[in-house]
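Enquirer: Generate a structure from the sequence data that follows.
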Amino acid sequence: MKSSQSNLFQREMLGILCGLLAPACVLLGLIGAENNQEGWYLSISATYYASSKMCMIGLLFSAAVFFISYAFERYDWRDTVMSIIQAAGCLGVVAFPCKTPGVPETVGMFNLPIDVSNIIHCVSACVLFVAFGVNIMFLFTLGNPKDNEMKRKRNRIYRICGSVIFAFCIIQALTATPVFDWVPGWFPLTWLNEFVMLVAFSVAWLVKSESIKSLNDVEGSVREERVASVES
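Expert: Residues are numbered from 1 along each chain as shown. The predicted structure follows:
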């Protein structure tokens, strides 16, 4: 099924929003940083306790809205399921704050004990990033690229992006083990892992949105058809 211009816009916005998430949360958090919670910059989730809280919440909530709208565009049922899972992951990360030093005993919109909220938060984040990887590596690559060189190129990029996400999911899981005991406590390793995964996600979705013209099909691009119709 050929994507409409509005669908391409949805994909492009998802790529842009998620690509901006990690740097925006930290850069905006520098404004009034003296009032932020200790270790606020160590992860995207930790910026919930910083002056950039609304940036973190706003971008993730916006991503969830785009995922939900994308889920009901009547694509393959697998796209719908993965979009709903990703939307739920975004909302779970927002609604259930993580645990960092000095946080209150109860947190979030449901005022849950921090330990309970942290478990739900971590599960949501894990599901979200794994869903990112599955969606990009296994769904974006569907279709027969046999006679389409551009499709083969796009699939290679999707597989690289998916592999990066899975690799850094593993690295992030290992940060809770003695493997990374050598990393100083002040170093934002989790933020760095999240940043790399979100950049991979962003690249894949920008390719999917036909924003990178050199990877589009020679014929059949919705963007190219729109430009041609305007010029005519």
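Enquirer: Send over stretch 78-88 as PDB, restricted to the C-alpha atoms.
Expert: Extracted as PDB, the C-alpha positions of stretch 78-88 are listed here (Å, rounded to 0.1, in the frame of the first residue of the first chain):
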ATOM      1  CA  ARG A  78       1.700  -6.300  12.600                       C
ATOM      2  CA  ASP A  79       2.300  -2.500  12.100                       C
ATOM      3  CA  THR A  80      -0.800  -1.800  14.200                       C
ATOM      4  CA  VAL A  81       0.300  -4.100  17.100                       C
ATOM      5  CA  MET A  82       3.900  -2.700  17.100                       C
ATOM      6  CA  SER A  83       2.600   0.900  17.000                       C
ATOM      7  CA  ILE A  84       0.300   0.300  20.000                       C
ATOM      8  CA  ILE A  85       3.100  -1.400  21.900                       C
ATOM      9  CA  GLN A  86       5.400   1.600  21.200                       C
ATOM     10  CA  ALA A  87       2.700   4.100  22.200                       C
ATOM     11  CA  ALA A  88       2.200   2.200  25.500                       C
END
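Enquirer: Just the residues contacting that stretch, thanks.
Expert: Contacts to stretch 78-88, defined as CB atoms under 8 Å, 6 or more residues apart in numbering, come from residues 63-65, 67-68, 70-73, 124, 127-128, 131-132, 134-135, 139. Glycine gets a C-beta too; all of them are placed from N, C-alpha and C.
Enquirer: any idea how far residue 101 lies from residue 185?
Expert: 10 Å (CB to CB, to the nearest Å).
Enquirer: more crowded one of these two?
Expert: residue 101 (10 against 7; other CB atoms under 10 Å).
Enquirer: show me what contacts residue 217?
Expert: 148, 150-151.
Enquirer: cool, and residue 171?
Expert: When contacts are counted by CB under 8 Å, 6+ apart, residue 171 touches residue 193.
Enquirer: Please shift the residue numbers so they start at 51 in all later answers.
Expert: Fine by me, first position is 51 from now on; the one you just mentioned is residue 221.
Enquirer: and the helix or strand where it lies, average pLDDT?
Expert: Counting by DSSP states H and E, the element that carries residue 221 is helix 199-224. Mean pLDDT, computed over helix 199-224, is 96.
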